[in-house]
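Engineer: sequence first, then the predicted structure, then my questions.
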Amino acid sequence: MTGRTSLRWGSATDAGLVRRTNQDHLVVDPGLFAVADGMGGHAAGEVASELAIDALRTAFLAIGPPRTSDDLVGAVHAANATVFEHANADAELRGMGTTLTAAAVVTVDGEERIAVANVGDSRAYVFAHGDLTQLTEDHSVAEELARIGEIGPEEVETHPQRHILTRALGIFPVIEVDLWDVLPYPGDRVLLCSDGLVREMTDEQIASVLRRFADPGEAAGELVARARSAGGADNITVVVVDVVDAHTDAGPPLPVPAAPALPAVPAAPEPRPARAHRARRGDAEGRPGSGSAPSASAPPPQTTPAPVARHRRLTARAIAFVVLLLAVLAGATVAVVAYARDSYFVTLGPAGAAAASPLVLPGSRPLVIEQGRPGGLLWFHPTLVETTGVLSSEVLPSHLADLQKGRVEPSVGAARAYVANLVQEAARAAPATTLPTAVTSTTLP
Ligand code: MN
């Protein structure tokens with residue numbers, strides 16, 4: 001323990017009644033508490049959750065107190081890297097992954113807080129004044145669909161993909177970690193649990209146990225026992241951390257959501273403050289995939305290995321989003337190119353070429369047709385299409401300002417017609433001027 005925040009804790013874990021192995025792991029250490037729910041074939045799930053817990057503890061406790069929220073998030077990233085490396089180094093472990101929900105005492109602006117970091121569908125709750133509030137958000141397909149409004153909140157509990165994770169440790173080299181911090185008030189409890197608990201018990205049933213069992217170890221043990229007797233379809237792990245003493249002394253205890261620590265998956269929705277209690281999310285028929293190949297968080301059997309299937313979905317969403325974005329950008333680019341390129345203008349070319357002809361009056365410039373926008377647009381510079389045989393001295397002076405800026409026409413033909421009109425207009429206005437008549441037919445170099 002660090003500083004003045006004094007904690008008391010207890011924990012319990014059990015394989016449940018259906019699974020042959022317990023692929024959940026936990027750590028309770030002064031200042032660091034965590035639950036991990038592994039997934040993967042054979043023993044890979046157990047390996048993943050254990051690796052994650054060990055790496056988390058090693059990385060976080062290597063930093064001496066006072067520790068920060070960033071230290072906790074950094075330790076979660078270290079845990080991810082460890083699981084990812086092992087998964088890719090060993091064919092037997094390929095595709096393994098794990099959830100990780102961790103709580104630790106950290107210092108924020110000189111004040112102690114309990115930081116909670118989460119990846120996956122294990123949960124953290126805050127129990128205060130007899131009320132249980134879910135702090136974390138499940139990173140499951142059904143929850144994400146509900147968050148973006150594709151399905152209603154009431155559909156989450158029965159959605160076929162409610163157990164398919166959208167985020168887990170060990171799948172990608174970089175992950176996004178949700179982070180929260182909680183002001184520690186004496187009497188408040190923080191509950192960490194794997195989904196094996198919430199599958200079997202409603203939030204209200206959990207709250208009832210937390211109200212009646214003051215000792216954190218007894219409360220944890222009772223919760224696991226209740227989940228077992230309710231069916232125990234999955235591994236059940238519970239950590240209860242009680243705030244015994246803290247120096248915070250103002251205001252009601254409210255969970256304070258913090259910003260997400262490291263966005264890595266572009267399509268993943270941002271974490272939001274914890275919502276009100278949700279009803280039981282466990283399903284009566286039991287989680288599929290518990291037969292011959294027991295694995296703690298196995299998705300439906302047809303999808304193997306589990307984490308890969310989970311992320312294939314998210315990746316498809318991400319790709320769809322990126323493709324859409326690129327299409328919009330490409331469309332905009334095409335429009336810009338079209339605007340920049342699909343027009344022509346008549347303007348005055350450089351004097352040099354015209355002046356080289358003995359028939360041209362000094363200061364006269366050739367009329368030229370260019371493609372693009374006068375002055376260019378973005379990186380598109382106008383290009384010369386042709387130099388007309390007409391000189392600036394052959395057109396009425398009233399048009400020279402227009403020509404200097406560039407007279408825009410929709411096509412080369414229209415630009416030529418415009419030039420021809422200028423010549424005719426000048427001829428009508430001054431049939432007997434000093435202009436050398438031969439110039440109009442002179443082809444300039
Ligand atoms: Mn589980």
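Structural biologist: Alright, I've got the coordinates.
Engineer: which residues in the stretch 101-250 of the chain form helices?
Structural biologist: 141-147, 195-198, 203-212, 216-229 (DSSP state H, counting those that start in this stretch).
Engineer: okay if I get the ones you listed as a markdown table plus distance to the ion, mean pLDDT and mean neighbour count?
Structural biologist: To be clear about C-beta, it is placed using only N, CA and C from the backbone, and glycine gets the same treatment. Converted to a markdown table, those look like this (distance: least, CB to the ion, whole Å; pLDDT from 0 to 100; neighbours: other CB atoms under 10 Å):
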| stretch | distance to the ion | mean pLDDT | mean neighbour count |
| --- | --- | --- | --- |
| helix 141-147 | 15 | 88 | 22 |
| helix 195-198 | 4 | 96 | 30 |
| helix 203-212 | 16 | 98 | 18 |
| helix 216-229 | 11 | 98 | 20 |
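Engineer: distance to Ala91 for those helices - can I get that in CSV?
Structural biologist: Formatted as CSV, the helices of the stretch 101-250 of the chain follow (distance: least, CB to CB, whole Å):
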stretch, distance to Ala91
helix 141-147, 27
helix 195-198, 28
helix 203-212, 40
helix 216-229, 34
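Engineer: can you list the residues of the stretch 1-150 of the chain near the ion?
Structural biologist: Listed as neighbours of the ion in the stretch 1-150 of the chain under the rule CB under 5 Å from the ion: Asp37.
Engineer: quick check: which of the helices of the stretch 101-250 of the chain is nearest to Ala12?
Structural biologist: Proximity to Ala12 (CB to CB) singles out helix 216-229 among the helices of the stretch 101-250 of the chain, at 4.2 Å.
Engineer: per-residue confidence for Met39?
Structural biologist: In this model, Met39 is scored at 92, pLDDT.
Engineer: assess the claim that Gly232 and Val18 are in contact.
Structural biologist: Yes - under the criterion of CB atoms under 8 Å, Gly232 makes contact with Val18 at 6.4 Å.
Engineer: neighbour-wise, which of these two wins?
Structural biologist: Gly232 (22 against 16; other CB atoms under 10 Å).
Engineer: return stretch 58-78 as PDB; C-alpha atoms alone will do.
Structural biologist: Extracted C-alpha coordinates of stretch 58-78, given in PDB (Å, rounded to 0.1, in the frame of the first residue of the first chain):
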ATOM      1  CA  THR A  58       6.300  -7.500 -12.900                       C
ATOM      2  CA  ALA A  59       6.000  -4.400 -15.000                       C
ATOM      3  CA  PHE A  60       3.800  -2.500 -12.500                       C
ATOM      4  CA  LEU A  61       5.600  -3.400  -9.300                       C
ATOM      5  CA  ALA A  62       9.000  -2.700 -10.900                       C
ATOM      6  CA  ILE A  63       8.000   1.000 -10.700                       C
ATOM      7  CA  GLY A  64       8.300   2.100  -7.100                       C
ATOM      8  CA  PRO A  65       5.500   4.200  -5.500                       C
ATOM      9  CA  PRO A  66       4.100   6.700  -6.100                       C
ATOM     10  CA  ARG A  67       2.800   5.100  -9.300                       C
ATOM     11  CA  THR A  68       0.500   6.700 -11.900                       C
ATOM     12  CA  SER A  69      -2.400   5.600 -14.100                       C
ATOM     13  CA  ASP A  70       0.100   5.600 -17.000                       C
ATOM     14  CA  ASP A  71       2.200   3.100 -15.100                       C
ATOM     15  CA  LEU A  72      -0.800   0.800 -14.900                       C
ATOM     16  CA  VAL A  73      -1.600   1.300 -18.500                       C
ATOM     17  CA  GLY A  74       2.000   0.700 -19.400                       C
ATOM     18  CA  ALA A  75       2.000  -2.500 -17.400                       C
ATOM     19  CA  VAL A  76      -1.100  -3.700 -19.400                       C
ATOM     20  CA  HIS A  77       0.700  -3.000 -22.600                       C
ATOM     21  CA  ALA A  78       3.700  -5.000 -21.300                       C
END
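Engineer: name the nearest residue to Thr5, ignoring sequence neighbours.
Structural biologist: With CB to CB, 6 or more residues apart in numbering as the measure, Glu112 is the residue that lies nearest to Thr5, at 4.4 Å, once sequence neighbours are left out.
Engineer: is the one you found bridged to anything, and to what?
Structural biologist: Thr107 (DSSP bridges).
Engineer: and it, how many neighbours?
Structural biologist: Residues near Glu112, counting by other CB under 10 Å, number 22.
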